[in-house]
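*Asks:* Structure of the sequence below:
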Amino acid sequence: MIDPQDSKMLESLTKYLSKHGGDPERAEKYEYFYRLAREKGVVPFRYARIAEEYTDDFFADTGVPREEKEWYYQRGIPTFKTGWYGLTKENYNDYISDFDFYSPKNYLKKPQLIKWFDYKLTTYYVLSCFREYMPRHYFFIESGELVPMDAALERHGRLEDVLALLQNGPIALKSCTGGHGKGFYKIEVRNGEYRINNKTADREEIRALLASLDDYILTEYGIPHRVFRQACGEESFAVLRTVSVFDKEDGPQITAILARLGSSASGLVTDYDGCINCGVDLETGRIFQPIMRTGDAEGIIRRTPSRFHPDTGVDLETLVVPHFRELNDMVKRISAHLTMTPYLVMDIIPTDEGFEILEINSHGQVRNLEPFFPFRKNKYHLRAFETKDW
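*Replies:* So this is what the prediction gives:
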């Protein structure tokens, strides 16, 4: 009889191998890393993530010889982090091990609190007293039906209502679950033509798209502040990721801020090749150490120093986040509002008018932040998470 956990492993392994031509060597490694995650105490729903990421890492050229990679894997470190972070065998304990980050001890204990952030519609209402810091939410889309939220309607929406919104600027369609920009759509009118994700479309294509969606929100599209549009291009994105901890003794603290800037290579989503990641100085708001992300096709992350924007030539290290004091105040007030979820990661668009919160997470990833803010070098992270030297 197959162990239920092994049954889940076989299911996830089958999915993984479908992308890699059924490679038996990869299958062997996947199974090994799946069991390693279980052995090291990783929360069960992350076994497959560890197995996939570490298998990809093993077969990729990360600059670490294969015979040396096991040393890192036993400590919960995929070896791409040596290049991405500047991680070494001397400083690796400055960074959080995947075995600690994915430990059940470091997730919220109450499932009802996790639901606040796992579903974007719920997050919107949890943060209702901070609506001035969120994009306007026009509709919730349920099986193609446009259910009004902040659309000044006393009936379900129609295609004409959506087309009318486009006269005021672009709109965004976002899945209520998941992340990394998957399933994201931008609809706009440009030069008299409708466009979906920058491709020309007609009314019927917009109608068909709306009818095909379920568990989506339709919101205004956040346009970055002119400082970032001038530096990165009018069509590029600029998203800030903030990390905050509500400390039992010292109250709300901002522990890290990342700026993710777009380029012509990155398209509309932030967590893939072509995105430029930058640290943001916590005192001044100044951008530092811009690096471009590459390597996603291999399932890893690589860095290329990118002080000058590849499209505009602007020196990114001259940029300062506009209204930085307001950003600090907003993040700390939200941290103090949600004290029972003390560790929060927020994605925020800096706009000409202020800031728009895109989403919030109670267990947000830190691997894009750690090149600039090593997790275990911050005392508030160490109070919020249970970690150890590996």
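
*Asks:* where along the stretch 251-390 of the chain do the helices fall?
*Replies:* 324-337, 379-384 (DSSP state H, counting those that start in this stretch).

*Asks:* helices and strands around the shortest one, which ones?
*Replies:* Looking back up the chat, that one is helix 379-384. Under the contact criterion of 3 or more CB pairs under 8 Å, 6 or more residues apart in numbering; DSSP states H and E, the helices and strands touching helix 379-384 comprise strand 238-247, strand 251-261. In short, each C-beta sits where N, CA and C put it, glycine included.

*Asks:* In this structure Tyr119 contacts Thr177, no?
*Replies:* Yes: using CB atoms under 8 Å, Tyr119 is in contact with Thr177, at 6.3 Å.

*Asks:* if I read this right, Arg367 contacts Phe80, doesn't it?
*Replies:* No: with contact defined as CB under 8 Å, Arg367 and Phe80 do not form a contacting pair (9.3 Å).

*Asks:* okay, and the common contacts of the two?
*Replies:* Taking CB atoms under 8 Å, 6 or more residues apart in numbering as the contact criterion, the common neighbours of Arg367 and Phe80 are Ile301.

*Asks:* Compare neighbour counts for the two and give me the winner.
*Replies:* When Arg367 and Phe80 are compared on other CB atoms under 10 Å, the one with more neighbours turns out to be Phe80, at 26 against 18.

*Asks:* Okay, the more buried one and Asp161: tell me how far apart.
*Replies:* Noted for Phe80: a distance of 46 Å to Asp161, by CB to CB, to the nearest Å.

*Asks:* cool, and Arg383?
*Replies:* With distances taken as CB to CB, Arg383 is found 48 Å from Asp161.

*Asks:* where does Asp100 land in three-state SS?
*Replies:* Counting by DSSP: H, G, I helix; E, B strand; the rest coil, the backbone at Asp100 sits in helix.

*Asks:* thought it was touching Thr387?
*Replies:* Yes: because the distance of 4.4 Å satisfies CB under 8 Å, Asp100 is recorded as touching Thr387.

*Asks:* for the stretch 101-250 of the chain, which spans come out with low pLDDT?
*Replies:* Low-confidence segments of the stretch 101-250 of the chain, defined by pLDDT under 70, span residues 179-181.

*Asks:* if we go to 90?
*Replies:* Judged against pLDDT under 90, the low-scoring parts of the stretch 101-250 of the chain cover residues 109, 111, 151-152, 177-183, 198, 235.
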